[in-house]
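Student: sequence and predicted structure, then a few things I'm wondering about:
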Amino acid sequence: MSRRSPSHAPYRRDDFGTPPPQRVSGTQALPNLEAVETREDPPAVALVPPHFRAPQAKMSAQESCLSLIKYFLFVFNLFFFALGSLIFCFGIWILIDKTSFVSFVGLSFVPLQTWSKILAISGVLTMGLALLGCVGALKELRSLLGLYFGVLLLLFATQITLGILISTQRVRLERRVKELVLSTIQNYGSNPEETAAEESWDYAQFQLRCCGWHSPEDWFQVLILRGNESEAGRVPCSCYNSSATNDSAIFDKIYSPQRGRLGPQARPRHNTDLCSVPANRHIYREGCAKSLRTWLHNNLISIVGICLGVGLLELGFMTLSIFMCRNLDYIYDRLARYR
């Protein structure tokens, strides 16, 4: 008989044809069990349930979007804060040093005190609104962001209301302006202490290149401008068309130091002798009512474009501020829950 190797020794099958299990010592089984356990251990990432991974990614995207909006609001409001500071300083400069301002712009715009106050107040309001936006966005304060949104909403509503009133009450406003202008013309030079309205109208005539409301004849009823019986009526020097002639003698009554700074094109000031010219001289023949309508018609697209641009800018800032205000606590609560 041939001898067989022990590894090929026959083994019995039980009655069901299943080979009996092999006996393995305990010391031999331990390494195999450890190997099995090591192979079946899941990676560390699998410890987080799958349904928690999507909310974490979503929260990260929302946090990035919120951070982008925050710095966008901060930068733009910082720009408007600087702009408001410049407007405020400009208004204070006009109020304190009127002579330098007149020399700078090259003309004598007399009611400077009124406009300087308007500029100063506008600058302060712009700075305050921009400061609300900057601090509210950078510090993520819902109260300041809500106040910022409320002020912008109030400004936007005011602009819409003014636009509707101007559109619907255009005829009434035009009639009111006409009454004010004609009253200013009739009382021209009657009260030397109150000349703001007269000088403003002089400025309007000078810039629009017109004379009177309807025509230069509106000035012929002004007592202080009436000439002798042999002379034709007289009009203010703001009606004088200096571009039609090189004659600058008409401006001889202008205060000489002021004229030296501004040149022969300067307009008269009421704190000196009244400057007037005969109506048969080179004056503007067109009334300011027609010139004003022409100016508004020519600049209507620019005016509407500026108003729309300001309105869209306000709407954009309102949208960003209210989005940030509403999502601050929500995003941070969700982030704290999933972290």
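Tutor: On my side now, so go ahead.
Student: in the chain, which helix or strand is least confident?
Tutor: Lowest mean confidence among the helices and strands of the chain (mean pLDDT, DSSP states H and E): helix 256-262, at a mean of 37.
Student: which other helices and strands does the longest helix seen in the chain contact?
Tutor: If you go by DSSP state H, the chain has its longest helix at helix 50-96. With contacts defined as 3 or more Cβ pairs under 8 Å, 6 or more residues apart in numbering; DSSP states H and E, helix 50-96 has these neighbours: helix 98-105, helix 112-139, helix 300-338. For glycine as for every other residue, the C-beta is placed from the backbone atoms N, C-alpha and C.
Student: which stretches of the stretch 201-339 of the chain have low pLDDT?
Tutor: Scanning the stretch 201-339 of the chain for pLDDT under 70 picks out 226-233, 244-281, 329-339.
Student: again, 50 this time
Tutor: Scanning the stretch 201-339 of the chain for pLDDT under 50 picks out the ranges 230, 253-273, 331, 333-339.
Student: just the helices and strands packed on helix 50-96: most buried one?
Tutor: Burial of these is given as mean neighbour count (mean count of other Cβ atoms under 10 Å); helix 112-139 ranks first at a mean of 18.
Student: now it against helix 300-338, angle please.
Tutor: 30 degrees (axes from the mean of the first three to the mean of the last three Cα atoms, to 10 degrees).
Student: which strands or helices does helix 112-139 pack on?
Tutor: helix 50-96, helix 98-105, helix 142-168, helix 300-338.
Student: what's the closest of these to Arg234?
Tutor: helix 98-105 (25.8 Å; Cβ to Cβ).
Student: mean confidence for the closest one?
Tutor: Summarised as a single mean, pLDDT over helix 98-105 is 54.
Student: quote the end-to-end distance of stretch 282-301.
Tutor: 33 Å (Cα to Cα, to the nearest Å).
Student: in it, what's buried?
Tutor: 283-284, 286-289, 291-292 (16 or more other Cβ atoms under 10 Å).
Student: what's that stretch in contact with?
Tutor: 178, 181, 204-205, 208-216, 218, 235, 239-242, 244-245, 247, 277, 303 (Cβ atoms under 8 Å, 6 or more residues apart in numbering).
Student: what angle sits between the longest helix of the chain and helix 112-139?
Tutor: Going by the same axes, to 10 degrees, helix 50-96 makes 160 degrees with helix 112-139.
Student: among the helices and strands packed on helix 50-96, which comes closest to Tyr188?
Tutor: Comparing the helices and strands packed on helix 50-96 by Cβ to Cβ, helix 112-139 comes nearest, at 18.8 Å.
Student: burial measure for Val151, as a count.
Tutor: By other Cβ atoms under 10 Å, 17 other residues sit near Val151.
Student: over to the one 10 residues further on?
Tutor: Per other Cβ under 10 Å, the neighbour tally for Thr161 reads 10.
Student: circling back to that earlier point, would you turn the helices and strands packed on helix 50-96 into TSV with distance to Phe149?
Tutor: TSV is the format used below for these (distance: least, Cβ to Cβ, whole Å):
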stretch	distance to Phe149
helix 98-105	37
helix 112-139	9
helix 300-338	5
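Student: can you pull the contacts of the closest residue to Leu182 other than its chain neighbours?
Tutor: Once flanking residues are discounted, Leu182 sits nearest to Trp213: 5.9 Å by Cβ to Cβ, 6 or more residues apart in numbering. The contact partners of Trp213, taken as Cβ under 8 Å, 6+ apart, are 178, 181-182, 185, 287-289.
Student: widest-spaced pair of the residues you listed?
Tutor: Ile185 and Ala289, at 12.1 Å, using Cβ to Cβ across the contacts of Trp213.
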